[in-house]
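Engineer: Quick check, what structure comes out for this input:
(chains A, B, C and D)
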Protein chains: 4
Amino acid sequence: MPVMAHLQRRFETSKPLAGHRIAGCLHVTKETAVLIGALRAAGAEVAWSGCNPLSTQDDVAAALAADGVSIFAWHGLSVDEFYWCIDATLKCRPTLTLDDGADLIFRVHSRFPELADGILGGTEETTTGVQRLQAMANDGKLLYPVVAVNNAETKWDFDNVYGTGQSALDGVLRATSILLAGKTLVVAGFGHCGRGTAVRARGMGARVVITEVDPIAALKAILDGFEVLPMAEAAAHGDVFITTTGMRDVITRRHFMVMKDGAVICNAGHYDCELNLDDLNEMAAPPTEVRDNNQEFVLADGRRIYLLAQGRLINLAAAEGHPSEVMDMSFANQFLSMVSLAVDGCARDRKVYSISGEQDREIATIKLRTMGVGIDELSPAQQGYLQDYSQGT
Amino acid sequence: MPVMAHLQRRFETSKPLAGHRIAGCLHVTKETAVLIGALRAAGAEVAWSGCNPLSTQDDVAAALAADGVSIFAWHGLSVDEFYWCIDATLKCRPTLTLDDGADLIFRVHSRFPELADGILGGTEETTTGVQRLQAMANDGKLLYPVVAVNNAETKWDFDNVYGTGQSALDGVLRATSILLAGKTLVVAGFGHCGRGTAVRARGMGARVVITEVDPIAALKAILDGFEVLPMAEAAAHGDVFITTTGMRDVITRRHFMVMKDGAVICNAGHYDCELNLDDLNEMAAPPTEVRDNNQEFVLADGRRIYLLAQGRLINLAAAEGHPSEVMDMSFANQFLSMVSLAVDGCARDRKVYSISGEQDREIATIKLRTMGVGIDELSPAQQGYLQDYSQGT
Amino acid sequence: MPVMAHLQRRFETSKPLAGHRIAGCLHVTKETAVLIGALRAAGAEVAWSGCNPLSTQDDVAAALAADGVSIFAWHGLSVDEFYWCIDATLKCRPTLTLDDGADLIFRVHSRFPELADGILGGTEETTTGVQRLQAMANDGKLLYPVVAVNNAETKWDFDNVYGTGQSALDGVLRATSILLAGKTLVVAGFGHCGRGTAVRARGMGARVVITEVDPIAALKAILDGFEVLPMAEAAAHGDVFITTTGMRDVITRRHFMVMKDGAVICNAGHYDCELNLDDLNEMAAPPTEVRDNNQEFVLADGRRIYLLAQGRLINLAAAEGHPSEVMDMSFANQFLSMVSLAVDGCARDRKVYSISGEQDREIATIKLRTMGVGIDELSPAQQGYLQDYSQGT
Amino acid sequence: MPVMAHLQRRFETSKPLAGHRIAGCLHVTKETAVLIGALRAAGAEVAWSGCNPLSTQDDVAAALAADGVSIFAWHGLSVDEFYWCIDATLKCRPTLTLDDGADLIFRVHSRFPELADGILGGTEETTTGVQRLQAMANDGKLLYPVVAVNNAETKWDFDNVYGTGQSALDGVLRATSILLAGKTLVVAGFGHCGRGTAVRARGMGARVVITEVDPIAALKAILDGFEVLPMAEAAAHGDVFITTTGMRDVITRRHFMVMKDGAVICNAGHYDCELNLDDLNEMAAPPTEVRDNNQEFVLADGRRIYLLAQGRLINLAAAEGHPSEVMDMSFANQFLSMVSLAVDGCARDRKVYSISGEQDREIATIKLRTMGVGIDELSPAQQGYLQDYSQGT
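Structural biologist: Numbers count the residues shown, from 1 in each chain, chains lettered A, B, ... in the order given. Below you'll find the model as predicted:
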C-alpha cells in the first residue's frame, strides 16, 4: 500500500491527530491494520470494531491487540455480539468516528446521542451508508458533520468497480469452482459494483444479464452490450446470480420459484437482505454445507439452489475483499479526511460533505507515481485556452 | 428517432414554443432536421446555421429551406462565411438560442450584446462549450441563462461514449480502409469520447495507448487495461492517433518528429486545433490528397504522415456523425430544455444550469420503452428502505 | 503490402514464372493489382477476370489494362457477362489457374475440359471453393492438382477472422450508419468469418447471438460468452443479421415472417444464396433503395426489412473488402503457390494440396519483420527437449 | 458431469470393458473419481496413480480406496514416491493404459517393456505428452497404439482454452490476492492454454504481453490486440508471469536479472521446468513462504520475486484444476477411447491415433443437450449443396 506509506511518512512528525480518539467500525483485515497504523502514527488513539460479522481476519485482530490497539472484533459474530463490539469502542468517547456501512454512527445517534457533542466529525465508506446519512441530514437529524469518503472519485470509481468487480467473482470461484465461461450470470444492479462485476464476468466468458430499477443505468447496460431483463424473467435463465444493489428483497420467493436446478445465488452488496433468505428457508429443507461458504437448499420439487456465504458479502466472506491496491486509495481518503476533520470539523455544519477534488487528484497523483506511470501536463498556454472564451471555430 | 417522435406528438397541440424565435447553430444533418421539425411543431420560428464548416449535408439544408426554414449553411464554408451564416440567423432577433460549440452565443456576446435582453435563455450541446460558458459565468460576463444540455446524463454519457466512440472509428475506416487489428492506436484523452473510442478500438483488435493530463482519468485507463504514456513517448509507438481532449496543441512538432512512417492522425474533439497543423505544414511539403479526407504529408526525411479530414471532427467529416440512436436522446434534451426555458427562462439567473434528473430519467424511460426493454420497479417497501436509517447490519 | 513487395524483389530476377500463362479469377481491387504485378515481375503472362459481379473497382481494372494486362472485368456484371469474362481469360490457354470461389476452374471442367491437359495446377482462395474441389477430387473428377490457398494458416486464420470480421461490420456501417452498441446482432455461422465478425461486433457494444449447425462450433460460441439459438428463434430477436456460413437458405421465408420491423439482413459468405431472396421478393413489394447498398422491403403487414448489397458479399460491395494488411499474406500464399506449381505441378496428383507449414511460417516471419516485431527462438537445448521422451515429471 | 453420467448409463449394461485391467495415471480429483466410476461400471478393473506430486486430493483418494479401487496417490509425493506409485499400478498387468503427461507409458517403455505385449493400447491427455509419444512413434520406438485424447477438439479446444484459462488465473488470485486490473501480465506462449489465459486476464483488466517462438502464433496474438515481445524485453515490464509453453527454460537467470521488485512468476504448463528454479535459487537467499503457495525470493540487490506453487501447475496446485464442466468432455473422450481400444486395439498399429470426428461431434452434441441448447440442422437440400460443384456464382 504505497500511497498509505507515503502519507504516513508525511504526517508522522507533525502528528495532526494528536489528542484525538477515533472509534472505527470497518472490516478488520491486513489493509485496515495499515490504516490503523497510519492513524496512530499521526497521533490518534484508536478503538476499533468490525463492520461485518464474517469479515474479521482473527489473526490480524490478534496482532493489532498485541500491538496495543483497542480492538473488538472476531470472525463469526452474532448480532448481539456485533453491537456489543461497536458499543465497546464508543467507551473511549471518540472525537472522530470512521464508518463502513454507518453502523457505528447510527449507534451513536440511536443509543448514545450524548456522545455527539464531543465528536468533531465522521467518515463513511459505502454508497449505502452515505445514502442513509444524507437522508438523515435532509431530515435535520444528523448530529455532526460526515465526510462521504465513498464519494471520492479515487474511492468509488476504483474500489467499487475494480475491487468489488474482481473480488466478487473471486469469491464465487472459491466457493463453487464452476466454469464461468458459457454460464449465464445475472447481475442485479448496474451501478459501480455491478458494472465492475459484469464487465469482468464477460471477460471470463460468461453471458451476462443485468437487472435494474434506474432507466439510465439500464440504458447504459444495454449500450455496453448486456441484456437487460426484469428479475422475474432473468430468474429463469440465470446459472449464477450476484446482487449489487444496496436494496433489500432483490431476489425473493417468486424468483426462487422459477430458478433452474443448480442455480447459485450470492450477494456483493453491503447487507445480506438483498436475497430474501427467509423465503428461501421456508421453501426448502434445512440446507447442507457442500463446500466452504456454499450451502445447498433443496426445494420441494427437487431443484437445488446454492447459497454462497450465507448471503453476506461474497467478496469478503469467500474471497479476501478488495485487493490492497484499491484499498490503498480508499484508505488514503479515510486518512486524509480524518486529518481534515481534526483541523476544521468544529467549523462544519451537520451535513454530508464530499471530498475535495484536490484531495482526489493528489491521491491519484501519488498512486501513479508509485506505479511508475508518467502523464502529460498542460502548458500555461493550454491552461489559458481552457478558460478562454474569446476564440471560435 | 422514436423519442423525438414521442415528444413531438406530446407538444404539437399545446405548442409551448408559440411566439418564440429560436436561433440555432448545430450540424445540419438529417437528425437535426427532426429536431427543427419538432421545434416548429411546438410553435417556434427557427433560423439555423451549421456549427462546423464541413459538417453540413447540403441535401438536408436544401430540403429544410424548401420547407420554409431560414437556413444558412452549406458544406465547405470559409471562416468568413461561417460567421456570416451565424450573424444571418441573429437577424430574427431570437428569444432563445441553441448551440453546439457555443459559437452562436459567443457571437451574441461579442458582436450583438444588444440582443441579449430579448433572449430568455440558451442551450449548449458540447463539453467544450459548457466549460467556456461556465468560465464566462464565473467572470460575471454571461448575459443570459444557459442550460448545459451536454451535462444531461442521457447526453454526455451516451452521445460521447457510444456515438463518438463508434463514429470516430467509422471515420478512420472510411478515410483509410486500414486493418485496426494489430495496430497501435493512441487516444489522447480518456474522457467520455476517449473512453468510448478506446474501448471500441480494443474491441476491433487494436492495442490502445492513452495519454492524459488528469491523474484520475489516467488511473482509470490503466485499471481498464490500457497503457498510459506521455504523448512524447506514445508518439513513437502509434500507428493511428485520435485526439479527444477539447484542448489545443495535443500533437505538435516534437511529436511529428518521432512518428513512424505511415502514421495516421485525426481529431475527434470539437475544434481542429488539437493537432498543430501549422507545425505539420512547416515540416512537410504541400500535402497530396490520397483518398477522400486523407492527405499525405511527406516530411524532409521521407516519413509520411496521413492527416484525416483536415483535422476537423473525423466522425462528422469522414463518417456520418453520431448515429441517430444517440442523437435521439441528445436532441430530446435540447428540445425539452427549449420548452423549459420558454416557460421559466425569465426567472432564471445568468448562469449555467444543469438538466434536471427528472428530465434525464424521463428521456431514458421513453427510450427503453421504444426499445421494448422492461426493467424492475421498486416496491413501496423498497422505496422506504432506501430512506430508512433505523436498520443495521 | 510489404510481404508482397519482399517476395517480388526476391523473384524478379530469377523469374520462375517465365513462360507461364496464368488465368486468374479474383476480385479486381488495388490489392489484386499488386498480386498481378508480382506475377508478371516473376515472368508470367496474365489474363484476369473478377470473381464477383459487384466487386470490381473499375479504376483499378482500367489502370491494369493500360499497363498491358488482359483484364476482363467491370462493376455490375450480369450473369452472362460474368461467364463471358471468365471464358475470355481462358483464350490464353493457361498453364496455371488462380481462383477465388472456384468459378474459373469449374468453367474449365464443365466447358473447356480440353484445356486441362495444358494446366499444371491451380489455386483456390476460399473455404467454399476448397470444399467443392475436395468433393470433386473425392469423386475422381478433378482434372489437375489444386493448392488450397485457403487452408494456409496465414490465410484463413487471418483473412477470414480479421479481414472479414472488420470489413463485414464496416460494410454494415457504411450501408446503414446504425449504432451497433445495444443492437442484437445475429451471426449465422461460428467458423472463422463468423467468429471474427462476432468478436468485433461485441467489441463495438452489440449483443451477439450465434446460429450454427456444427455442435463443436456451437459449444465454442457458448463458452466464448455468446448466446446460441436456432435461427427460427434468433430471427425474432435480431436487429441485424449477417450470414457467414457458405451454405444456402440460411435465412428464408419462415425467418422473414417473424423478424422485427426494421431488421437489417446481409451476407458475408461467398455466394448470395445464403439469404433466400426469392422468398423475400415474394413476400414484399418491390424494394426501394433508401441508401447506397440498402434496399427497403415492405412486407404485407407493414414490417420493413433492409437488405444490404443485394445479398452479395457485404464487405466487398458496401465496404472495401479485406484490408490490404491481410491480403498481403493471403496473396503471398497465392504467389508462392503459383511459383511452386510452376516448378513441380506436373509431378503432382489430381488432388487438393495443403500449403506447407514452411511456406506458412515463412510468410508469418516476413510479416513480423515488416511490422518490427521480434520473437524468441528456441535454443538448441530447447529444440532437443521438444523431441526428448526420456525425461519425466 | 452430465456427459459422463450419460455415457455411464449407456455402457453399464453392455460392459464393453469387462475383462480389462486399466492402469491410470491422472490427477486424483473428484472429477477423476467420476471417470474411474464409469470405467468400473463398464466392467474394467482399475489401478490408479496421480500424475503430479502436488495435485492429489487426499480425501478423494481415500474415498476411492474405500470403494475398492487400487489407488496409489497422496498429496506431496517425493520423486521416488511418485515413481513407486506408478510402478505399483503396473503390478496389475494392465491391458490398457491411461495417461496425463505420459509418465506411466514412459515407465512401461523404460522399465517394464515386457508388459507391452499384453497392452492393447493407451491414451494420453496432454499436448506435451502427445508430442513426445509422436516423437517415439516417428523413431519406431512406440510399443503399442496410443490414442491422443488431447487432440480431440472437444478436449484441447475446451479444456486448454477455457479450463486452463480460468483456473490459472484463479490460482494466481488464491496465491496472491492481487488486483489484476492495471497489472502487466506476461503470458509465455500463445497456444490454447496461453490464449485462454491471455483473453481472460485482459477481461479482468490486465494489460497482457505475449512471448512466442512460433511466428504464426505471434502474429495471431498481435492481431488479437496483444503486445508481443521477446521474453528478454518482457521480463522488465511484467508484474505477473505465467508460462504455458510445454518448453523448458522459458524464464531463466537473465530474465530474473531485470524483473521488477515484486514480480510474480508461475507456470501453467505441464512440467515445472518452464521456470529455471535452479537459477532462481542460486540468485536468491532461501525463500520464505509468505502465503500458501507463494514463496518470496530476495535477490542480492534487494528485489523480491514471488514464486507460486513451486513452479508446479498453478491451476492444480493453487486452485482446483480444470472446472468439472470441461473435464466432463475431456474424460468422455478418455472413456470412449478406452472402449474403442478394448474393441479394436489389437488391430491397430504402433502409432499415435487421433480421435475421430464422429466421437468429437457426439460428445459436443450430448453436452449441448445437457445444457438445454438447440442448434440448427442442415436440410437434405443443404447437405446436397455442400457437395455440389455444379453451381456457380
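Engineer: Helix D:165-176 and the helix or strand that contains A:Gln166, what's the angle between them?
Structural biologist: Remark: A:Gln166 resides in helix A:165-176, with elements defined by DSSP states H and E. Per axes from the mean of the first three to the mean of the last three CA atoms, to 10 degrees, the angle that helix A:165-176 makes with helix D:165-176 is 100 degrees.
Engineer: Now do the residue of the stretch 51-200 of chain A found nearest chain D against A:Val172, distance only.
Structural biologist: Per CB to the nearest CB, A:Leu179 is where the stretch 51-200 of chain A lies closest to chain D, at 3.7 Å. Every C-beta, even on glycine, is put in place using the N, C-alpha and C of the backbone. For A:Leu179, the distance to A:Val172 equals 11 Å [CB to CB, to the nearest Å].
Engineer: swap in A:Lys351?
Structural biologist: The gap separating A:Lys351 from A:Val172 is 38 Å, by CB to CB.
Engineer: does any part of the longest helix belonging to chain A sit near chain D?
Structural biologist: For chain A, the longest helix by residue count, based on DSSP state H, is helix A:324-344. Yes. Helix A:324-344 lies within reach of chain D by CB under 8 Å from any CB of the partner chain, at A:Ser324, A:Glu325, A:Val326.
Engineer: Near chain D, which residues of the stretch 51-200 of chain A are found?
Structural biologist: A:162-163, A:165-166, A:170, A:173-174, A:177-182, A:199-200.
Engineer: Most neighbours of all those, which one?
Structural biologist: Neighbours here are counted as other CB atoms under 10 Å in any protein chain shown. On that basis the top member of these is A:Gly165, with 33 neighbours.
Engineer: Any figure for the gap between the residue nearest to that one when sequence neighbours are not counted and B:Ala47?
Structural biologist: Residue nearest to A:Gly165 in three dimensions, not counting chain neighbours: A:Gly196, with 2.5 Å by CB to CB, 6 or more residues apart in numbering or on different chains. For A:Gly196, the distance to B:Ala47 under the criterion CB to CB works out to 47 Å.
Engineer: neighbour-wise, which of those two wins?
Structural biologist: Counted by other CB under 10 Å, A:Gly196 and B:Ala47 do not tie: A:Gly196 has more neighbours, with 29 against 21.
Engineer: Helix or strand: which one has the more buried one?
Structural biologist: A:Gly196 belongs to helix A:192-203 when assigned by DSSP H and E.
Engineer: for that helix, what is the average pLDDT?
Structural biologist: This predicted structure assigns helix A:192-203 an average pLDDT of 97.
Engineer: Tell me the helices and strands packed up against that helix.
Structural biologist: With contacts defined as 3 or more CB pairs under 8 Å, 6 or more residues apart in numbering or on different chains; DSSP states H and E, the secondary structure elements packing on helix A:192-203 are helix A:165-176, strand A:184-188, strand A:207-211, helix A:215-223, helix D:192-203.
Engineer: Please repeat the previous calculation with a cut-off of 10 Å.
Structural biologist: Under the contact criterion of 3 or more CB pairs under 10 Å, 6 or more residues apart in numbering or on different chains; DSSP states H and E, helix A:192-203 touches helix A:165-176, strand A:184-188, strand A:207-211, helix A:215-223, strand A:240-243, helix A:314-317, helix D:192-203.
Engineer: any idea how far the second one is from the chain center?
Structural biologist: So the one you mean is strand A:184-188. Using CA atoms, centre = their mean, to the nearest Å, the distance from the centre of strand A:184-188 to the centre of the chain it belongs to is 20 Å.
Engineer: do the same with the last one
Structural biologist: Chain-centre distance of helix D:192-203: 16 Å, with CA atoms, centre = their mean.
Engineer: circling back to that earlier point, please find the angle between the direction vectors of the helix holding A:Gly196 and strand A:184-188.
Structural biologist: With the same axes, to 10 degrees applied, the angle from helix A:192-203 to strand A:184-188 works out at 170 degrees.
Engineer: got the phi/psi numbers for A:Leu98?
Structural biologist: Its backbone dihedrals place A:Leu98 at phi -130, psi 120, with angles given as degrees, to the nearest 10.
Engineer: Check the gap between it and chain B for me.
Structural biologist: A:Leu98 sits 16 Å away from chain B when distances are taken as CB to the nearest CB, to the nearest Å.
Engineer: Count the residues that sit near that residue.
Structural biologist: When neighbours are defined as other CB under 10 Å, A:Leu98 has 31 of them.
Engineer: for A:Asp292, same thing?
Structural biologist: Other residues within reach of A:Asp292 by the criterion other CB under 10 Å amount to 11.
Engineer: For it, give me the pLDDT.
Structural biologist: A:Asp292 is given a pLDDT of 95.
Engineer: which non-adjacent residue is nearest it?
Structural biologist: Looking at A:Asp292 with CB to CB, 6+ apart, the closest residue is A:Ala175, at 6.8 Å.
Engineer: For the stretch 201-350 of chain A, which residue gets nearest to chain D?
Structural biologist: Closest point on the stretch 201-350 of chain A to chain D, by CB to the nearest CB, is A:Gly203, at 1.8 Å.
Engineer: Does that residue touch D:Gly203 like I think?
Structural biologist: Yes. At 1.8 Å, A:Gly203 counts as touching D:Gly203 under the criterion of CB atoms under 10 Å.
Engineer: if I look at these two, which residues touch both of them?
Structural biologist: Common contact partners of A:Gly203 and D:Gly203 (CB atoms under 10 Å, 6 or more residues apart in numbering or on different chains): A:Leu180, B:Gly225, C:Gly225, D:Leu180.
Engineer: In contact with the third one, which residues?
Structural biologist: By CB under 10 Å, 6+ apart, the contact set of C:Gly225 is A:180-185, A:201-208, C:198-199, C:202, C:208, D:203.
Engineer: The same query, at a cut-off of 8 Å, please.
Structural biologist: C:Gly225 makes contact with A:Ala181, A:Gly182, A:Arg202, A:Gly205, A:Ala206, A:Arg207, C:Arg202, according to CB atoms under 8 Å, 6 or more residues apart in numbering or on different chains.
Engineer: The fourth one: neighbour count?
Structural biologist: Put plainly, it is A:Gly205. By other CB under 10 Å, the residues close to A:Gly205 number 24.
Engineer: Wait, a helix at it?
Structural biologist: No. In this structure, A:Gly205 is coil, not part of a helix, as judged by DSSP: H, G, I helix; E, B strand; the rest coil.
Engineer: Need the per-residue pLDDT for A:Gly165.
Structural biologist: Predicted confidence (pLDDT) at A:Gly165: the value is 96.
Engineer: so it sits right up against A:Thr197, yeah?
Structural biologist: Yes. The pair A:Gly165 / A:Thr197 is scored as a contact, 5.0 Å apart, by CB atoms under 8 Å.
Engineer: what about A:Gly24, is that helix, strand or coil?
Structural biologist: Of the three states, A:Gly24 takes strand under three-state DSSP.
Engineer: Quick check: beta-bridge partners of the closest residue in space to it that isn't next to it in sequence?
Structural biologist: Setting aside the residues directly before and after it, A:Gly24 is nearest to A:Leu98 in space (CB to CB, 6+ apart), at 4.1 Å. Using DSSP bridges, the beta-bridge partners of A:Leu98 come out as A:Gly24, A:Thr123.
Engineer: Please look at A:Leu98 and A:Leu26 and confirm they touch.
Structural biologist: Yes. With contact taken as CB under 8 Å, A:Leu98 and A:Leu26 are classed as touching, separated by 6.5 Å.
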